[in-house]
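J.: sequence and predicted structure, then a few things I'm wondering about:
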Amino acid sequence: ETGVTQSPTHLIKTRGQQVTLRCSSQSGHNTVSWYQQALGQGPQFIFQYYREEENGRGNFPPRFSGLQFPNYSSELNVNALELDDSALYLCASSLRDIQETQYFGPGTRLLVL
Amino acid sequence: RKEVEQDPGPFNVPEGATVAFNCTYSNSASQSFFWYRQDCRKEPKLLMSVYSSGNEDGRFTAQLNRASQYISLLIRDSKLSDSATYLCVVNDLNTDKLIFGTGTRLQVFP
């Protein structure tokens, strides 16, 4: 086990709703990255947080936003949900200076109807 | 052109076979390279890093060719438990993000 936890494990929402997903990083890790994985695709980078600041963003619209807290846990918020937002949302924690070693949580599976 | 390209497979091989996966990447500034394994409906897990000199971990061998921007993974003596999707991953230090390929699915049969 990586020590990275995510909640909830599954979620069903309807178009237009808002959702908040949560991630607790591995003990001692100060960086959290979020990824979206659609069915049959590899994970796509959404954004990364380091010490409560956004530190890099992928090609996702502003309705995808996030937060990191002083204990390094993180939230991903998605507003105005669309059907294409249905995916597995993964968070990964790491140490800022060892970016390549990212440990993934089990993911939250989101279905938008 | 995708930043990281892989053959999606599936590769169906018998137990004991040797199988090789290839991957190409488009950004010559990429600095770090990895293979991750992802089981069905699970999160990706780091299988191994890929170094310019090539590296081996048991039955798994990874190679990097920077000139051709090409990464490979060789699995010898395949086991049933090797059945999974293998993701080629590149870390671009300029943007601090991991870029994943779509994955190559391996199915090992008895």
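T.: All right, it came through fine. Numbering: from 1, shown residues only, chains lettered A, B, ... in the order given.
J.: so what's the most centrally placed residue in chain A up against?
T.: The residue lying closest to the centre of chain A (C-alpha atoms, centre = their mean) is A:Trp34, at 3.2 Å. By C-beta atoms under 8 Å, 6 or more residues apart in numbering or on different chains, the residues touching A:Trp34 are A:23, A:45-48, A:66, A:74, A:76, A:89-92. C-betas here are computed from N, CA, C, even on glycine.
J.: what kind of secondary structure is the residue in chain A that chain B sits nearest to in?
T.: Nearest residue of chain A to chain B: A:Gly42, at 3.4 Å (C-beta to the nearest C-beta). Put simply, A:Gly42 is coil when judged by DSSP: H, G, I helix; E, B strand; the rest coil.
J.: my guess is it contacts B:Phe100. True?
T.: Yes. Taking C-beta atoms under 8 Å as the definition, A:Gly42 is a contact partner of B:Phe100 at 3.4 Å.
J.: residues shared between the contacts of those two?
T.: B:4, B:87.
J.: follow-up on the earlier one: among the contacts of A:Trp34, who's most crowded?
T.: A:Cys91 (31 neighbours; other C-beta atoms under 10 Å in any protein chain shown).
J.: in chain B, which spans are strands?
T.: With DSSP state E, the ranges of strands along chain B come out as B:4-6, B:11-14, B:19-25, B:32-38, B:44-50, B:55-57, B:60-65, B:70-75, B:84-92, B:97-100, B:104-109.
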